[in-house]
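Participant: sharing a model that was predicted from the sequence below.
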Amino acid sequence: MSNKPEEIPPEWEQLELAGLSGTLMVVGPADVGKSTFSRYLFKRLCDLVPHVGYLDGDPGQSTLGPPGTMTLAVAENKDNTFPPRGRMWRGFVGSISPVGHMLAVLTCAARLVGAAQEDGVQVVIFDTTGLVDPARGGMYLKLAKIDLLRPAVLFAMQRQKELEALLMPLRRSRRTQLVELSTSPAAQRRDVSMRKAHRASQFGHYFTGASQLRVNWTQFAVLPAPRFTLHRLVAMEDAFGFTLGLGIVLQIDRIYRQVTLHSPLPSLNGVDAIRLGDVTVDPETFEDRHLP
């Protein structure tokens with residue numbers, strides 16, 4: 001995101017942010033500037049609040065971590081550097097789309113926000129996915145996030161009334177403060193190929209310097225079951241269910257029940273469970289494919 005003044009709509013600059021706390025959720029369809037606004041909000045709040053959390057809630061077009069995950073990072077002591085350089089928690093969705101994985105998205109969101117709040121983070125900005133189409137479950141996913149997280153403020157951005165099915169009832173509700181905003185003038189539409197290239201770039205960055213880990217899967221909980229396939233994306237989780245690192249399956253030895261993973265994680269110290277994703281990642285090109 002560029003921070004050129006001309007890219008910031010005047011109504012964004014006029015927002016009164018003093019005194020805000022809790023979860024601030026940003027919703028809207030794809031390519032309207034949700035992440036641009038979320039980062040603008042983050043930088044302004046860092047001047048007001050000692051500890052600000054930023055939850056990257058888009059497992060497909062992630063900014064704080066590899067695709068297939070949701071990451072919450074914290075700015076400490078009013079440091080508005082982005083990405084935030086403080087504490088960090090990560091959850092594994094296991095897919096590049098919330099479709100078919102909405103329970104995982106909700107679970108990750110609730111646990112990440114809860115961990116940050118328990119650790120004393122006063123305000124969390126939740127940058128959500130662009131899935132809002134009711135026919136694909138988007139509206140119901142957003143309603144579930146609102147019901148589960150009870151955001152103090154819901155910032156809504158739409159281009160052509162894509163959010164009306166969600167906003168119409170919320171305008172009559174007191175469960176959250178609704179703030180409707182104009183889209184970012186810097187927002188650009190990204191086609192499927194651009195989104196795929198972004199994911200490959202994010203995967204490539206994450207796996208830079210990765211090495212091989214040999215894992216005996218009988219020594220760990222494997223969720224949901226040890227159905228390993230070549231190039232499958234997996235997460236190694238701690239006892240609290242947070243992601244320590246990701247791996248790409250390179251080899252499978254079903255006789256000795258071992259897999260070799262391509263992973264930046266240096267060792268298996270602290271690993272409690274291995275969670276299988278529903279996507280494969282080529283370890284050379286880092287292009288992803290959804291598993292049927």
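Facilitator: Now that the structure is in, tell me what you want to look at.

Participant: so how far is stretch 270-277 off the chain centroid?
Facilitator: Relative to its chain's centre, stretch 270-277 lies at 18 Å (Cα atoms, centre = their mean, to the nearest Å).

Participant: before we move on, what about stretch 107-120?
Facilitator: With Cα atoms, centre = their mean, you get 13 Å for stretch 107-120.

Participant: could you export it as PDB, CA atoms only?
Facilitator: What follows is stretch 107-120, C-alpha atoms only, in PDB (Å, rounded to 0.1, in the frame of the first residue of the first chain):
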ATOM      1  CA  THR A 107     -11.900 -20.900  14.500                       C
ATOM      2  CA  CYS A 108      -8.700 -19.200  13.500                       C
ATOM      3  CA  ALA A 109     -10.200 -15.800  13.800                       C
ATOM      4  CA  ALA A 110     -11.600 -16.400  17.300                       C
ATOM      5  CA  ARG A 111      -8.500 -18.000  18.600                       C
ATOM      6  CA  LEU A 112      -6.100 -15.400  17.200                       C
ATOM      7  CA  VAL A 113      -8.200 -12.500  18.500                       C
ATOM      8  CA  GLY A 114      -8.600 -14.200  21.900                       C
ATOM      9  CA  ALA A 115      -4.800 -14.800  22.200                       C
ATOM     10  CA  ALA A 116      -4.000 -11.200  21.400                       C
ATOM     11  CA  GLN A 117      -6.600  -9.900  23.900                       C
ATOM     12  CA  GLU A 118      -5.400 -12.200  26.600                       C
ATOM     13  CA  ASP A 119      -1.900 -10.900  26.100                       C
ATOM     14  CA  GLY A 120      -3.000  -7.300  26.600                       C
END
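
Participant: may I see the buried residues of that stretch?
Facilitator: Under the neighbour-count criterion of 16 or more other Cβ atoms under 10 Å, stretch 107-120 has Thr107, Cys108, Ala109, Arg111, Leu112, Val113, Ala115, Ala116, Gln117 buried. For every residue, glycine as well, the C-beta is placed using N, CA and C.

Participant: pretty sure Pro50 contacts Val74?
Facilitator: No - in this structure, Pro50 is not within contact of Val74 by Cβ atoms under 8 Å, at 10.2 Å.

Participant: which one of the two is surrounded by more residues?
Facilitator: Val74 (20 against 14; other Cβ atoms under 10 Å).

Participant: mind checking which helix or strand the more buried one is in?
Facilitator: Per DSSP states H and E: Val74 is located in strand 69-75.

Participant: now do that strand: which elements does it pack against?
Facilitator: Counting contacts by 3 or more Cβ pairs under 8 Å, 6 or more residues apart in numbering; DSSP states H and E, strand 69-75 packs against strand 52-56, strand 88-92, helix 102-118.

Participant: can you map out the strands along the stretch 101-250 of the chain?
Facilitator: 123-127, 153-157, 177-181, 211-216, 221-223, 232-237, 243-253 (DSSP state E, counting those that start in this stretch).
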